[in-house]
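Chemist: Mind looking at a prediction? Sequence and model below.
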Amino acid sequence: MIKQFKQLAIASSVAAACLGAAIPAAQAAEEQFFMLPSYRVGPYGANGQSFYGGFIDYLSYVNQKGGIDGVQITWEECETEYNNAKGVECYERMKSKAQKAPGPIHTMSTGISYALVDKAAADKLPLAMMGYGLTSAVDGSVFPWAFPLVTTYQMQASAIIKFLKDKNAGSLAGKKIVYLYHDSAYGKEPILALEAESRLNKFDLVQIPVAHPGNEQGAQWQRIRQEKPDYVIMWGWGVMNMTAIKTAQKMGFPRDRMIGSWWAGSEEDTVPAGDAAKGYMSATWNVAGKDVPLIADIEKTVYGAGKGNLKDTSKLGTILYNRGVSAAVLSVEAIRAAQAKHGKGKAMNGEQVRWGLENLNITEARLKQIGATGLLPDVKTSCDNHEGSGKVKLQQWDGAKWVVLTDWIEGNKQLIHPLFQADAAKFAKEKGITPRNCAAEAKK
Amino acid sequence: MQFFFEVLIGGLLSGVMYSLVALGFVLIFKASGVFNFAQGAMVYFAALSVVGCMEKGAPLWLALILAFGIMTLLGIATEKFVLRKMVNQPPIALFMATIGLSFFIDGFAPLLWGNEVRPLDIGLVDEPIPWILDSYNIVVSKFDLVAAGLALALVALLALFFQYTRVGRALRAVADDHQAALSIGIPLQHIWALVWAVAGFVALVAGMLWGSRNGVQFALTFTALKALPVLILGGFTSVPGAIVGGLIIGASEKLAEIYIPPVLAGWFGGNFGGIEGWFPYVMALLFLLVRPEGLFGEKHIDRV
Amino acid sequence: MIYRETGQFKTSYAADQQIFPIRQDRVGIGILLAVAFLVVPAVAGNYWFNAILIPFLIFSLAALGLNILTGYAGQLSLGSAAFMAVGAYAAYNFQVRVEGMPVLLSFVLAGLTAAGVGILFGLPSLRIKGFYLAVATLAAQFFIVWCLTKFPYLSNNSSSGVISVPGVEILGFKFDTPASRYLLVLSIVVALALLAKNMVRSSTGRAWMAVRDMDVAAEVIGIRLMRTKLLAFAVSSFYCGVAGALYAFCYLGSVEPDGFSLDLSFKILFMIIVGGVGSIMGSFLGAAFILLLPIFLDISLPALAGLLGLPFDGATVSHIQLMVFGALIMFFLIVEPHGLARLWQIGKEKLRLWPFPH
């Protein structure tokens, strides 16, 4: 009798346990879908590999920690090869899946972002362009669905100028700066900002474009040698970066007077250049290294459980890997923000995620909570400011790793932001868009 | 004037680097009439194989031998599985097949060795030679000089090989007419496999130099684009043509990049740099209008 | 049995010279068009329109253009993407700069602009042949893209050089749904394809083919080489230009010069070679093959890997896709160097006798 009772008790407790397990399982049916038009082959495959590796690892990490307030994250990758048409195909393929509960879309390609801006707005899917893309989308009144989060090329250029100014006792007057850039939308975006800075700070700006792919820069550097500039600011991508560093060495230009953009400042650029890269500087909006608690925790939790996305774990903690993590952090935070307003533990639709991205407020305290102190700057977005930060750090390659030189430096917002607004207004006129009234929305 | 010479010398030396890649094209075209678009991919594959072997612990010399082995295998496989089955197809079909091959290699090489960007140290530092810099204020890179020397040695070797060996003669016969060569008993398969192996060797040398200069990565395949105008200018079938073409293209491209954009900017206003992408092609084109078969190409007689 | 032209007597010149002289062909084309115009818009979803059908039609048009030049007139070109770029940018400029410019007219003008540029770059063909010419067309490829990057006027002073095209509107009707854009593209492509089909069997087309087969011989029998070759360049560039305009206006919506890269030119070349050099139909078959194959591989390979339990990561799958794509192209060329159109022709021959082959 007692035995039977025992059995009954065990059986019922097992059943209860099953039931208990079943309830969260039912809740976990809430899912947020991230479409990832990624690239891992082609000329920029190595860069994409690290970035999307970090991105996916963070999503797995969040899932292992119970999701976004119980909402599990799912994702799907599609290879774009950094090619615009393929990017659009990927977007179209995955968009029906994303329609219900999308995560912000990260293409890590200026070209693909351009092609998706209109489409994503029409489909009501939020498009994130962290540190690239259509920078005039900072003006959210014209581009409600596009978010050049954290910072833009223009603000970065301005921050680099500020850094140089501080280095030269507060004045760049009479100095000569060469702007060496990849001759594409990416390299051309900062020109207006640099020209404005040059007028303001009275330095001489020499612009030297490099034709794609940039694997041969003899003539450009001979010209630089002739110009004898004080600094070279470089906007390169892929093979152009290490070629520039190597050619600078060949021409005897000191690398510690070369400053790259954040797409010209990763291990992928400096390691292949070997000793030539020692002293080379670059801007960045996220730091490298595994000493950020979050990165260490990802390695322990995700790779410990054998769920890591990268085969080559030496990539963990590199600039681009950490950038992928940072991008994922912001995306997840946007969904959290949306949940805080529209209901915790629920999957968010496109409009709600968009709201989240537009009302991000990631403070130092919050970054600390996540374990991402110092990984990325604090971000606060609004309807008329989709950038939210505009801060970068300067870092220097010491031959083995990136060493951070400065604290967060903010670009000259008063100078740069009107440029975005002018560009956005022109876009709105060409396309016949009536801008939202941000001031009125803020009052509501 | 000093600056002019610096640009000129720099250009000539860059041109030799282009010639190296162009040589591979010439070899295969000469021997089989195939315009091998996969040459760029082969450069990438060869360099990647060297780095890959070194990562597995092989010293440089062993890695070089292994990489050469891999390139030879690739050549034999290409002959056996692709070219042999396409004897007597129109040249454009063969050309297309090599584009297919280049895709295949683009996928296969990183699959085998991983796609991260890697340094390749062959013990040559790319720095200006101090005494030239001091006495003439002209930058001449040690690295480029060695590369040029290597390229010239390679060309001399190949020219001798083509001119004076039995295999070389057979190669030239095959280039003239596949079927005629077959009918007089030249073993087409062996010849083709051999020439692909030699082209693989040239790709290996080019890959080593370009790779140690710019890092071993996918962008090495783009070196092919630099070689095409050299090829047109020098003629598809001439080994010395590849060198002379390279020198001309290299020098004129660099001089143009320095001196033409300011002129254009004077006319239109704005910034006109970055003409290197098209200038060699346009120059080669203008040159072709005068000599349609290239500098050293064989004259072609049309019969109705 | 099914496909047999016995019993179809041509009693007038008009009947003998129509585009599709065989009744079965006429019926087949009719059904195809009916399906394309009526059935497809009813059943296809947005993904099909935006990611497959519209690019398929646009690339077919570009391939058709290249096929006229390469397949019929025998002039190998590697610059088709650049002519598409000319078309895209010209159409954009006509739209933005001329108030009230009808979209269709700006497409036509874009085609004509491309044709003009095509003639300019076709001039060397009078002296240069074969691969030399192919590499010379690369000059067009790089030069045009550079020009579009360098002259801010051409991109309406956009600071990045990227153009974002306005919406398409004809006679007050907005083509803003994928289905409507598909129908617009389809109508243009069908009209131009029929025109091409007609052109290649006219005296112009015969002159092209004569030049292709041997230009010296053609000259001897009195074909004016210069006119014929330049016309081929012009017509081909016109097609590519219109395709480029459609690419910008009806497909991507926003294009940058770098998007019209050499890769795209190669892709178009692949299409005609896989589809069939010197065949109108081949252009369509080739475009379908080259566009669909990567998508198919992209979808099927991960699924296959999952099924077999292979530990593939994203990068591996992408690499294998590239390999399979390359291998399939080689395979195709080995098995059928004359392209898919030739297979179709063989199929028709078989059908003529089927089911009683003796």
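Modeler: Looks like it came in fine.

Chemist: pretty sure B:Phe95 contacts B:Ser32?
Modeler: No. Using Cβ atoms under 8 Å, B:Phe95 is not in contact with B:Ser32, being 11.5 Å away. The C-beta positions use only the backbone N, C-alpha and C, and glycine is treated the same way.

Chemist: who has more neighbours, the two?
Modeler: For B:Phe95 versus B:Ser32, neighbours defined as other Cβ atoms under 10 Å in any protein chain shown are more numerous around B:Ser32 (24 against 21).

Chemist: can you pull the contacts of the more buried one?
Modeler: B:83, B:94, B:174-175, B:178, B:192, B:195 (Cβ atoms under 8 Å, 6 or more residues apart in numbering or on different chains).

Chemist: Using a markdown table, lay out those together with distance to B:Gly215.
Modeler: Formatted as a markdown table, the contacts of B:Ser32 follow (distance: Cβ to Cβ, whole Å):
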| residue | distance to B:Gly215 |
| --- | --- |
| B:Leu83 | 32 |
| B:Leu94 | 32 |
| B:Val174 | 37 |
| B:Ala175 | 36 |
| B:His178 | 40 |
| B:Trp192 | 33 |
| B:Val195 | 29 |
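
Chemist: Tabulate those residues (JSON lines), appending pLDDT.
Modeler: Below are the contacts of B:Ser32 laid out as JSON lines (pLDDT from 0 to 100):
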{"residue": "B:Leu83", "pLDDT": "84"}
{"residue": "B:Leu94", "pLDDT": "86"}
{"residue": "B:Val174", "pLDDT": "79"}
{"residue": "B:Ala175", "pLDDT": "74"}
{"residue": "B:His178", "pLDDT": "74"}
{"residue": "B:Trp192", "pLDDT": "82"}
{"residue": "B:Val195", "pLDDT": "86"}
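
Chemist: ok, how many other residues are close to whichever residue of the stretch 151-300 of chain A sits closest to chain B?
Modeler: Distance from chain B to each residue of the stretch 151-300 of chain A (Cβ to the nearest Cβ) is smallest for A:Pro272, at 2.8 Å. By the criterion of other Cβ under 10 Å, A:Pro272 has 29 neighbours.

Chemist: Please list all residues in contact with it.
Modeler: Each residue near A:Pro272 by Cβ under 8 Å, 6+ apart is listed here: A:242, B:117-120, B:214-217.

Chemist: same check, this time on A:Pro144
Modeler: Counting by Cβ under 8 Å, 6+ apart, A:Pro144 has contacts A:121, A:354, A:358, A:436.

Chemist: what do you get for B:Trp210?
Modeler: A:215, B:17, B:20-21, B:43, B:47, B:220, B:223.

Chemist: try 10 Å
Modeler: A:215-216, B:17-18, B:20-21, B:43-44, B:47, B:120, B:147, B:216, B:219-220, B:222-223, B:226 (Cβ atoms under 10 Å, 6 or more residues apart in numbering or on different chains).

Chemist: Of these, which ones also sit close to chain C?
Modeler: Among these, the ones lying near chain C by Cβ under 10 Å from any Cβ of the partner chain are B:Phe222.

Chemist: From the contacts of B:Trp210, which land in helices?
Modeler: B:17-18, B:20-21, B:43-44, B:47, B:147, B:223, B:226 (DSSP state H).
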